[in-house]
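In: the following comprises the amino acid sequence and a computationally predicted model.
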There are 2 protein chains.
Amino acid sequence: MAVSEHMLQEAVDKLKSSGVRITPQRHAVLEFLLNAETHPTADDIYKALEGKFPNMSVATVYNNLRVFREIGLVRELTYGDSSSRFDCNTSKHYHIICETCGKIVDFHYPSLDEVESLAEQITGFDVSHHRMEVYGVCQECKKEKNQIV
Amino acid sequence: MAVSEHMLQEAVDKLKSSGVRITPQRHAVLEFLLNAETHPTADDIYKALEGKFPNMSVATVYNNLRVFREIGLVRELTYGDSSSRFDCNTSKHYHIICETCGKIVDFHYPSLDEVESLAEQITGFDVSHHRMEVYGVCQECKKEKNQIV
DNA sequence: TATTACTTTATAATTCTTATAATTAGTGTA
DNA sequence: TACACTAATTATAAGAATTATAAAGTAATA
């Protein structure tokens, strides 16, 4: 129970007010996501909940993630070669990704409103949001590299 | 021949100096990418070159795109639900994407070196680069929306 | 020209995600 | 609480994008 019950309750309320039923599976996926330190894939979630719900289908995980995303409880992060990762976007933040081990670390920075407004002026789009990721090599992988050399 | 022969030659030289053979298929993929106004998918490229190379395999397109990417001639852009798109990253720029029709438009902005150096300080990563996309609705789709209403 | 290593081709396999249909189970109301 | 309505879950299959494999072809080099 790393995360406050409050946040979970808030999320459940948001689902209810959107007419979404609270099933045990759905509740478990939501709880897992809120407590996740990492940014899990659908399969991570599936594997984590297999013990509690031996009959659960992968489709259920995907269905629920889609519902959460549509309501705005969850952000879907898509990167190069692997599967999507899911993140509870409670606070605005960016991600920095290790090119060696794939680790994703949160990283706060004042939101780039300036970029959005400039893009709007240049392109004539109605801007809704933006995404940004920084790539590099994390400290652990740097150490390993040095040891090999 | 929208793109200067110079750029193509430069790219070919870069491949040669990396020990990569210049085959007709490889040359064609490269040329197509350099001339592309859009940001094509692997399948776009495959379809475009089918006429010239009736026996070409999709795997060849993927193989060559991987080679180009590894050498740094091409950037792979991954978005939500569809396939990767490929972009010759000759000049640093960002993309703005229409949430309605999926169109991708280039968009120049002073590179955010500040973000990179801050991220480096906070996280201890060795930063190599970053990506950013702005999302919104393009002018054409805005017009259509208004007409429907 | 012969050899070697790299490429292409054709095909199969993998992986991630979505669709389908039947069954199960929440939720509001009497 | 029981009922009925509808949504959600399950199991399975299908789909799409990408990668792996092995055989055949081809460029580069001596």
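Out: Thanks, I have it.
In: can you give the domain ranges for chain A?
Out: A:1-89, A:91-149 (automatic domain parsing).
In: and these as CSV, adding mean pLDDT and distance to DNA strand D?
Out: All C-beta spots, glycine's among them, are computed from the backbone N, C-alpha and C. As requested, those are exported to CSV (pLDDT from 0 to 100; distance: least, C-beta to the nearest atom of the strand, whole Å):
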stretch, mean pLDDT, distance to DNA strand D
domain A:1-89, 89, 4
domain A:91-149, 86, 14
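In: elements contacting the longest strand along chain A?
Out: The longest strand of chain A (DSSP state E) is strand A:126-137. Contacts defined by 3 or more C-beta pairs under 8 Å, 6 or more residues apart in numbering or on different chains; DSSP states H and E place strand A:126-137 against strand A:94-98, helix A:113-123, helix B:113-123, strand B:126-137.
In: helices of chain A, start to end?
Out: In chain A, the segments counted as helices under DSSP state H are A:5-17, A:24-35, A:42-49, A:58-71, A:113-123, A:139-148.
In: buried ones in the fifth one?
Out: Applying a neighbour-count criterion of 16 or more other C-beta atoms under 10 Å in any protein chain shown, one finds A:V115, A:E116, A:L118, A:A119, A:T123 buried in helix A:113-123.
In: which of the domains of chain A sits closest to B:V58?
Out: domain A:1-89 (16.9 Å; C-beta to C-beta).
In: flag every buried residue along the longest strand of chain A.
Out: Along strand A:126-137, these residues count as buried under the neighbour rule (16+ other C-beta under 10 Å): A:D126, A:V127, A:H130, A:R131, A:M132, A:E133, A:V134, A:Y135, A:G136, A:V137.
In: and the residue nearest the centre of chain A?
Out: Of all residues in chain A, the one closest to the mean position by C-alpha atoms, centre = their mean is A:D87, 1.4 Å from it.
In: does that one touch A:L73 like I think?
Out: No: checked against C-beta atoms under 8 Å, the pair A:D87 and A:L73 is beyond contact range at 10.3 Å.
In: what touches both of the two?
Out: Common neighbours of A:D87 and A:L73, using C-beta atoms under 8 Å, 6 or more residues apart in numbering or on different chains, do not exist here.
In: wait, doesn't A:E76 sit right on A:L65?
Out: Yes: here A:E76 lies in contact with A:L65, judged by C-beta under 8 Å, at a distance of 7.4 Å.
In: for stretch A:65-80, the distance to its chain's centre please.
Out: 7 Å (C-alpha atoms, centre = their mean, to the nearest Å).
In: what residues of that stretch count as buried?
Out: A:L65, A:V67, A:F68, A:R69, A:L73, A:V74, A:R75, A:E76, A:L77, A:Y79.
In: tabulate these in TSV, adding columns for distance to B:H93.
Out: TSV is the format used below for the buried residues of stretch A:65-80 (distance: C-beta to C-beta, whole Å):
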residue	distance to B:H93
A:L65	32
A:V67	35
A:F68	33
A:R69	28
A:L73	33
A:V74	30
A:R75	24
A:E76	25
A:L77	22
A:Y79	20
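In: show me what the residue nearest to the centre of chain A is bridged to.
Out: Taking DSSP bridges as the rule, A:D87 bridges to A:R75.
In: in contact with it, which residues?
Out: A:H39, A:V74, A:R75, A:E76, A:L77.
In: do the same with A:H39
Out: With C-beta under 8 Å, 6+ apart, A:H39 has these contacts: A:L77, A:R85, A:F86, A:D87, A:H95, A:I104.
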